[in-house]
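In: give me a 3D structure for the following:
(3 chains)
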Amino acid sequence: MELEYENPFQLLVEAILAAQESDKVINKIRHELFKKFPTPHSIAKATQEEIEEVIKSINFYRRKAKLLKECCEKLVELFKGEVPTTVEELIKLPGVGRKTANMVIGGGYNLPAIIVDRHVFRVVQRISLSKQKNPDKMEMELREIVPQEFWTKFSMLLLNHGKRVCKSRNPKCDECVIIDLCEYGQSLEKRKK
DNA sequence: CTCCCGATAT
DNA sequence: ATATCAGGAG
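Out: Next up is the predicted model:
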């Protein structure tokens, strides 16, 4: 299951709500959420309690409701409700870090973006493509390693690979198509025998 | 570093 | 029982 969205604003909102949460839960409430709050202005005007009511099934819902409201207030104040197209502008918004900013740029605007979320971070570590122990530093190193035209594609592929195959807990190394590149996976497979 | 939060997978 | 989940703020 991947996040479903119709425009950059929806992706921005969903990405904030998706922190440490599964896509399934987000997709479940997104219709009601955007029916009640179709625009940044409507979220900015709503009370925190009104937002909480709609997103209650999401983890960290209280904090996220607060962040989401503050985010939309800034979005209206600084950018007239238009979702920015650069990381530097996006991370000025409460609840938006580099990961979420890059997600919006890559997924929402189809611009070059290296997205280092938990999955990408883990996969890159395991295949030793970068050994950076900080996601932001890893993003910078990957910018040097990966040609810019592939940034977004690369991110999405590794993200989904991490989610479905190279999982945090029981990685399915026997189904992995890049195990030849991965010492971690090869040593895991040997141990099984 | 901890906290936010609770459902689901293993 | 506990690890994990499209992280970010303090």
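
In: pLDDT (mean, whole number) over the helix or strand where residue A:75 lies?
Out: Residue A:75 belongs to helix A:61-79 when assigned by DSSP states H and E. Averaging pLDDT along helix A:61-79 yields 97.

In: can you give me the buried ones in that helix?
Out: A:61, A:64-76, A:79 (16 or more other C-beta atoms under 10 Å). For glycine as for every other residue, the C-beta is placed from the backbone atoms N, C-alpha and C.

In: who in chain A is up against DNA strand B?
Out: A:20-22, A:57, A:59-64, A:169-170 (C-beta under 7 Å from any atom of the strand).

In: ok, which of those also contact DNA strand C?
Out: Restricting these to those near DNA strand C by C-beta under 7 Å from any atom of the strand leaves A:20-22, A:59-60, A:63, A:169.

In: among the residues you listed, who's most crowded?
Out: Greatest neighbour count in these, by other C-beta atoms under 10 Å, goes to residue A:21: 17 neighbours.

In: please enumerate the helices of chain A.
Out: Ranges of helices within chain A are A:8-17, A:23-36, A:40-45, A:48-55, A:61-79, A:87-90, A:98-103, A:109, A:118-126, A:135-145, A:151-164, A:183-192, based on DSSP state H.

In: say whether DNA strand C is contacted by stretch A:91-106.
Out: Yes. Against DNA strand C, stretch A:91-106 shows contacts by C-beta under 7 Å from any atom of the strand at A:94-101, A:103.
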